[in-house]
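# show me the folded form of this:
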Amino acid sequence: MRSTKALNQKVESLLQSHMKKNQHIRKAIDHVGHANALYGPAGESSQLPSGRKYNISI
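Below you'll find the predicted structure:
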């Protein structure tokens, strides 16, 4: 029983760490996706979709 409780606590800690990393990566991907702007020959800017955003859940 004690080893199961200790193992559950370790798993919970690892899961929390994984979730924080996942949130950080998701924020970074969102930030990069909004920062891209291309300029045309007349100086006009447009937001063109580049790359793909993946919704990853584990």
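# could you report the pLDDT at the residue most central in space within the chain?
Compute the mean C-alpha point of the chain, and by Cα atoms, centre = their mean the closest residue is Arg26, 1.6 Å away. We have a pLDDT of 90 for Arg26.
# can you give me how far the helix or strand containing Leu7 is from the chain middle?
Under the criterion of DSSP states H and E, Leu7 resides in helix 2-35. The chain centroid and the centroid of helix 2-35 are separated by 10 Å under Cα atoms, centre = their mean, to the nearest Å.
# pull the contacting residues for the residue nearest to the centre of the chain.
With contact set as Cβ atoms under 8 Å, 6 or more residues apart in numbering, Arg26 has no partners. For every residue, glycine as well, the C-beta is placed using N, CA and C.
# can you offset everything so residue one is 813?
Sure thing, new numbering starts at 813, so read that last one as Arg838.
# tally of neighbours for the residue nearest to Ile868 when sequence neighbours are not counted?
Spatially, and ignoring its direct neighbours in sequence, Ile868 is nearest to Asn834 (7.5 Å; Cβ to Cβ, 6 or more residues apart in numbering). Using other Cβ atoms under 10 Å, the number of residues around Asn834 comes to 13.
# mind showing which ranges of this protein have poor pLDDT?
Along the chain, the model assigns pLDDT under 70 to residues 845-852, 857-863.
# make it 80
813, 842-867, 870 (pLDDT under 80).
# isn't there a strand covering Ser869?
No. Ser869: not assigned to a strand; according to DSSP: H, G, I helix; E, B strand; the rest coil it is coil.
# look up how far Gln828 lies from it.
According to Cβ to Cβ, to the nearest Å, Ser869 and Gln828 sit 16 Å apart.
# which one of these two is surrounded by more residues?
Using other Cβ under 10 Å, the more surrounded residue of Ser869 and Gln828 is Gln828, with 10 against 4.
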